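Student: missing the sequence, but the structure's below:
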């Protein structure tokens, strides 16, 4: 079974507890790192995703995965929050986090600069738009290596 098929099946299995608890399934990964495979779920909810929430989803999913037993490789299950510096991946996240400060890293520099920080305006015509120092900047989504919420102390 390919990783994308495993991810789809895992997401189908976990959706009842996600919906029941008003969680948001942010991302699911099934990847190999070194000699280990990892099945990772990033979950969030309004007000923050706690360790108790992680445990609830993990225990639920462990039981479902054991019952179904469709993953033919040994793996490590991890359930966590995407964190305060979460990466924005879904188009809906550019709406949800409008007005927040984001850090953007580009694949190739623009005028010798690859990193930008500014207030997120949104995703407009497949361009990530921010305001940096009172100037509106836009970046083609395909040119952005990463866009994440900034952590400012």
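Tutor: Received the coordinates, thanks. Everything quoted here is computed from the prediction, not taken from an experiment. Residues are numbered from 1 along each chain as shown.

Student: How confident was the prediction at the nearest residue to residue 104 once chain neighbours are set aside?
Tutor: Of all residues not flanking residue 104 in the chain, residue 116 sits nearest, at 4.6 Å (Cβ to Cβ, 6 or more residues apart in numbering). From N, CA and C alone the C-beta is placed, and that goes for glycine too. As predicted, residue 116 sits at a pLDDT of 97.

Student: Confirm residue 116 sits in a helix?
Tutor: No: assignment of residue 116 by DSSP: H, G, I helix; E, B strand; the rest coil gives strand, placing it outside any helix.

Student: Okay, buried residues for the worst-scoring helix or strand of the chain on mean pLDDT please.
Tutor: Ranked by mean pLDDT, DSSP states H and E, the weakest helix or strand in the chain is helix 91-96, scoring a mean of 91. Using 16 or more other Cβ atoms under 10 Å as the test for burial, helix 91-96 gives 93, 94.

Student: Could you chop the chain up by domain?
Tutor: 3-80, 91-149 (automatic domain parsing).

Student: following the least confident helix or strand of the chain, which helix or strand comes up?
Tutor: Counting by DSSP states H and E, the element after helix 91-96 in chain order, helix or strand, is strand 101-110.

Student: Tell me which residues of stretch 95-103 come out buried.
Tutor: Neighbour count says stretch 95-103 has 97, 101, 102, 103 buried, by 16+ other Cβ under 10 Å.

Student: What are the neighbouring residues in contact with the last one?
Tutor: Translated: residue 103. Residue 103 makes contacts with 115, 116, 117, 146, 147, 148, 149, 150, as judged by Cβ atoms under 8 Å, 6 or more residues apart in numbering.

Student: again, but for residue 126
Tutor: Here residue 126 is in contact with 140, 141, 142 (criterion: Cβ under 8 Å, 6+ apart).

Student: Turn the residues you listed into a markdown table, columns for distance to residue 60.
Tutor: Formatted as a markdown table, the contacts of residue 126 follow (distance: Cβ to Cβ, whole Å):
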| residue | distance to residue 60 |
| --- | --- |
| 140 | 40 |
| 141 | 34 |
| 142 | 37 |
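
Student: Tabulate those in a markdown table, adding columns for pLDDT.
Tutor: Shown next, in a markdown table, are these (pLDDT from 0 to 100):
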| residue | pLDDT |
| --- | --- |
| 140 | 94 |
| 141 | 94 |
| 142 | 94 |
